[in-house]
Structures are given as C-alpha cells and as structure tokens.
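Chemist: Got a predicted structure plus its sequence, pasted below:
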Amino acid sequence: MMFFIALTFVFTTFSGGAPADSITLDYCYQQAYENYPKVQNIEFQKKITELNIQIANTGHYPDVSINGRASYQSEVTDFSLPGGGGPPAISKDQYQASVDVTQTIFNGGAVGIQKELEKAKGKQEIYSTEVELHQIRSQIDQVYFGILLSQQQSKTIGLLIANLEEQLSTVRSKVDNGVLLASQQHILEAELIKARQDSVNSHSNVVAGYRVLGELIGEKVATGTKLQLPQQNIDHQSLQPHRSEYDLFESTEETIEQQKRLAGSQKWPSLSAFGTAAYGRPGLNFLNDDFHEYYTVGLKVRWNFWASYNAGEKQQMLQLRQQQVEQNRRSFTRQLHASLNRIQERMRAIEENIERDKKAIALRKKIVEENVSQLNNGAITASQYVTELNRAHQARLSLYINRVRLAQAQSDYLTTLGVPIQ
C-alpha cells in the first residue's frame, strides 16, 4: 500500500518506537493507520475481490440444471383409425424429469476478462480507501503541531507570569515605602491577571488537542506526553510524489480497459455444447406412451446482433472515460506541484523570520534588563516596563512558533508528496 510502504528517501526524522513519556509524529501516523476503523475496509475488499473472482471463474464450469414437470391436458392427438385400430392413445397426464447440461466452448474470452476486471475493481476500491486515509495524516499534522504551539505559548506565558510576580513584589515594597505610586502596582496586578487568564486558555487548548490526537490515532494520549519536534532536512530534488491518487488513477484506467475488452467480446458469437438426459412420458417419440429414458446432445451457436452492434459504441464511450481519467491525473499533478511550490516558499519565508527572531530576542533582552533598573529607580513607569516585557515575550514566542511552523511546513511538504513512513 503506497501510502504506508517503506521507501528510502533523503531526510532524517525522529521515528521508531515511542517511549512511554513521549511520542513522535511518525508514531502517530503508524498508530492511526493501524487503529483507524476504515483501514479494515482494505482487508474486507481483498476478500470481496477473491470471492468475485471465484464467482467469475464458475463461467468455465458447465451449467447444470435439474427440472421436473407434471401436466394434464384436456385433449391429445388422436391417431385412431375409423372403425378401430391404429396406435394406442396418448395419455393426457404427462411427466418429465430431466438433467440439462450446457458447456460454453467459446464466448470471446469473457470469463478470463471478467476475472481481470474484478481484480482491477478490487484495486480501485483499495486505493480509493487509501486516498481517504491520507486525509488522516493531514489532520494529525494540524493537531500535533497545534499542541506544540499551544504548549510553547503556555511556557512563555508562564515565564511572563513569573517575571511579573517578581517585579510586582519589588514594586509593592516600594509602594509601601512611598517610593512609587500605587498605580504602578495596580498596572502590574492587572497585567498579571490577564496573563493568568491567557495561561488557562492555552492549557485548555493543549488538553483539547491531546484528546483529539488520541481519537485520531486510536489510543489515549496523556496531556503530559511529550511530543517530539521533527527535525527534517528535505532534499527537494530527490523526493518524488507517491500519492495514492496516482494508484487510483492507474487502477481506474485498468478497470476501464478490462471493461473495453469485455465489451469487445460481445462482438463474437458464443459456441456451447448442450445435453439433456430425461425420464418420463411421452419422450422424444411421442407415440411411445410408456415411461422410459431418453436424451439429446448437440452444439449451439448464439450471436446477439444488437449486442455486437453496440459493443463498438460501448468501447468508444469507455475510451472517452479513460481520457477523462487522464485529464484528472494531469489536473491533480498540476495542483500538487502548485501546492509544493507554495509550501517551499512558505519554508523559505519562515527560515528568514527565524533569523530575524534571534536578532530581535537579543535586542529585547538588553532592553528589558535596562528597564528593570529604570523601573526600580523610578525612571520609567510600570506600564512602560510591561510594554517592553511583553515585546520580549512576543519575540521569544515568535521564535518558537516559527520553528514549529517550519517543522509543520516540512511535514506538510512530505504529506503533500505522500512520502511513506520509514
């Protein structure tokens, strides 16, 4: 199965078995594939295909039927001669028990074609299911990285709260001693309340994210479980698309091709041998009114004019369907390449922003350190200090967010390619 078959490609990531206290993105992919209910449809379809092939194969076997009939008729042919004599009268009650056997000798290879058609249809259903399963991988990406972003937001908010509490303690002491106005203390207290509210909301998002992730992968994931950030070096030149959609296009074309062959077989007459073994009265000799055995054997040719006439038009219609599939393949490829180009551009922009974030953090750190001293000396207000502290907080948060977004963009790139899990 193309989506989850191992394939050697040039990138590194955390993979393999997950420790009890941490999981990887690849582990989530694997668990989702193993536990998602619709995965069972693949095995069901394989069994359905096997049964359909067995049913189609019975077309090689003779058609056997057992028949019985009893009837009474109001009159029969009378062979009596004027004045008496002649053959005995035929009974008005008649009986027949027979075994009829028909063996197809030639029908344009329809049975073999039907078996190949069932195989192609089975593959088509399997790949259709795998296309749906691919969407789960995209959902896991969104939830997994959403949790990482919310967790980092909680951490940075925690640092902000700790910093505010520390400065609030210092300012409160100075207010009590009459060095600073009480309004400076109130500003820090209000900002601390807001930060704690943000912390509650962020923690709620994390808890909800773990719950959704557990639903997707089919197992409970504790809120404290560490999600490892994938570290991926993508070689854009060596990676090629391995989407299940291409397998679906190919199997659809194969299904149509077998349908064309089956339609072509209808152009030819069918030849079959038949035989009937019967017991009853009257038999083939209706003048013999005794119960007795009899049989018939022969060959039969059947040619359906309209079926033969319409076969060519069916093939033309199926040819047009194949062209539709090819156009859909081209459209999908164009959209896929467009998506990959957009993701590459997004990765490039995020990498540039990460470098800017590092410079901004260094500058904001110096500014906050200077403001701490100025606040304690009464040179700036608490409001000014909080403003700079928030800016430093946002710079740290922006750096991690961009790192997570870069990892998410890289995973989106691999997911869009359909690169299998190692």
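Modeler: Cool, the structure landed.
Chemist: ok, longest strand in this structure?
Modeler: For the chain, the strand that runs over the most residues, judged by DSSP state E, is strand 93-106.
Chemist: by contact count, what packs against it?
Modeler: Under the contact criterion of 3 or more Cβ pairs under 8 Å, 6 or more residues apart in numbering; DSSP states H and E, strand 93-106 touches strand 63-72, strand 270-281. Using the backbone N, CA and C atoms, a C-beta is placed for each residue, glycine as well.
Chemist: what's the burial count for the closest residue to residue 94 other than its chain neighbours?
Modeler: Distances taken as Cβ to Cβ, 6 or more residues apart in numbering put residue 71 closest to residue 94, at 5.2 Å, once the chain neighbours are dropped. Look at residue 71: counted by other Cβ atoms under 10 Å, it has 9 neighbours.
Chemist: show me the contacts for residue 71.
Modeler: Contacts here follow Cβ atoms under 8 Å, 6 or more residues apart in numbering; on that basis residue 71 touches 93-95.
Chemist: Now rank these by neighbours and give me the top one.
Modeler: residue 94 (17 neighbours).
Chemist: count of residues packed around the residue lying closest to residue 221 once chain neighbours are set aside?
Modeler: Nearest non-adjacent residue to residue 221, counting by Cβ to Cβ, 6+ apart: residue 214, 4.4 Å away. Using other Cβ under 10 Å, residue 214 has 17 neighbouring residues.
Chemist: do the same with residue 387
Modeler: Using other Cβ under 10 Å, residue 387 is surrounded by 13 other residues.
Chemist: give me the low-pLDDT residue ranges for the stretch 1-150 of the chain?
Modeler: Applying pLDDT under 70 to the stretch 1-150 of the chain flags residues 1-20, 83-86.
Chemist: what about 50?
Modeler: Flagging of the stretch 1-150 of the chain using pLDDT under 50 yields the residue ranges 1-19.
Chemist: list the contacts for residue 262?
Modeler: Contacts for residue 262 (Cβ under 8 Å, 6+ apart) come out as 110, 113-114, 117.
Chemist: before we move on, the earlier item: which one of the helices and strands packed on strand 93-106 lies closest to residue 205?
Modeler: When the helices and strands packed on strand 93-106 are compared by Cβ to Cβ, strand 63-72 sits nearest residue 205, at 66.6 Å.
Chemist: What angle do strand 93-106 and the closest one make with each other?
Modeler: 160 degrees (axes from the mean of the first three to the mean of the last three Cα atoms, to 10 degrees).
Chemist: Just checking the distance from strand 63-72 to the centre of its chain.
Modeler: 52 Å (Cα atoms, centre = their mean, to the nearest Å).
Chemist: Okay, now the sheet partners of it, with direction.
Modeler: Sheet pairing of strand 63-72 (DSSP bridges) gives strand 93-106 (antiparallel).
Chemist: ok, and what's touching the strand it pairs with?
Modeler: Residues contacting strand 93-106 (Cβ under 8 Å, 6+ apart): 59-60, 62-73, 111, 268, 270-282, 291, 299-300.
Chemist: before we move on, what about stretch 185-205?
Modeler: 146, 150, 153-154, 157-158, 160-161, 164-165, 167-168, 171-172, 175, 381-383, 386.
Chemist: For that stretch, C-alpha coordinates in PDB please.
Modeler: Taking C-alpha atoms only, stretch 185-205 is exported to PDB below (Å, rounded to 0.1, in the frame of the first residue of the first chain):
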ATOM      1  CA  GLN A 185       1.400  48.300  41.400                       C
ATOM      2  CA  HIS A 186      -2.100  48.200  40.000                       C
ATOM      3  CA  ILE A 187      -0.800  48.200  36.400                       C
ATOM      4  CA  LEU A 188       1.300  45.100  37.200                       C
ATOM      5  CA  GLU A 189      -1.500  43.400  39.000                       C
ATOM      6  CA  ALA A 190      -3.900  43.900  36.100                       C
ATOM      7  CA  GLU A 191      -1.300  42.600  33.600                       C
ATOM      8  CA  LEU A 192      -0.800  39.600  35.900                       C
ATOM      9  CA  ILE A 193      -4.500  38.800  35.900                       C
ATOM     10  CA  LYS A 194      -4.600  38.900  32.100                       C
ATOM     11  CA  ALA A 195      -1.500  36.700  31.800                       C
ATOM     12  CA  ARG A 196      -3.100  34.100  34.100                       C
ATOM     13  CA  GLN A 197      -6.300  34.100  32.000                       C
ATOM     14  CA  ASP A 198      -4.200  33.500  28.900                       C
ATOM     15  CA  SER A 199      -2.500  30.700  30.700                       C
ATOM     16  CA  VAL A 200      -5.800  29.000  31.400                       C
ATOM     17  CA  ASN A 201      -7.000  29.300  27.800                       C
ATOM     18  CA  SER A 202      -3.700  28.000  26.500                       C
ATOM     19  CA  HIS A 203      -3.800  25.000  28.800                       C
ATOM     20  CA  SER A 204      -7.400  24.300  27.700                       C
ATOM     21  CA  ASN A 205      -6.300  24.200  24.100                       C
END
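Chemist: May I see the buried residues of that stretch?
Modeler: 185, 187-188, 191-192, 195, 198-199, 202-203, 205 (16 or more other Cβ atoms under 10 Å).
Chemist: could you dump those residues to TSV with pLDDT and distance to residue 365?
Modeler: As requested, those are exported to TSV (pLDDT from 0 to 100; distance: Cβ to Cβ, whole Å):
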residue	pLDDT	distance to residue 365
185	82	25
187	85	22
188	82	20
191	85	19
192	87	21
195	87	19
198	88	21
199	88	22
202	87	23
203	89	26
205	90	27
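Chemist: Of those residues, which is the nearest to residue 133?
Modeler: Nearest to residue 133 among these, with distances taken as Cβ to Cβ, is residue 205, at 26.6 Å.
Chemist: Residue 354 - that's part of a helix, no?
Modeler: Yes: counting by DSSP: H, G, I helix; E, B strand; the rest coil, one finds residue 354 located in a helix.
Chemist: among the contacts of residue 262, which two are most distant?
Modeler: Farthest-apart pair in these is 110 and 117; separation 9.9 Å (Cβ to Cβ).
Chemist: From residue 28, how far off is residue 214?
Modeler: Computed as Cβ to Cβ, to the nearest Å, the residue 214 to residue 28 distance reads 10 Å.
Chemist: which of the residues in the strand or helix carrying residue 40 are buried?
Modeler: Assigning secondary structure by DSSP states H and E places residue 40 in helix 40-57. Across helix 40-57, burial judged by 16+ other Cβ under 10 Å covers 41, 45, 49, 52-53, 56.
Chemist: Please enumerate residues in contact with it?
Modeler: With contact meaning Cβ under 8 Å, 6+ apart, helix 40-57 is reached by 1, 111, 114-115, 117-119, 121-122, 125-126, 129-130.
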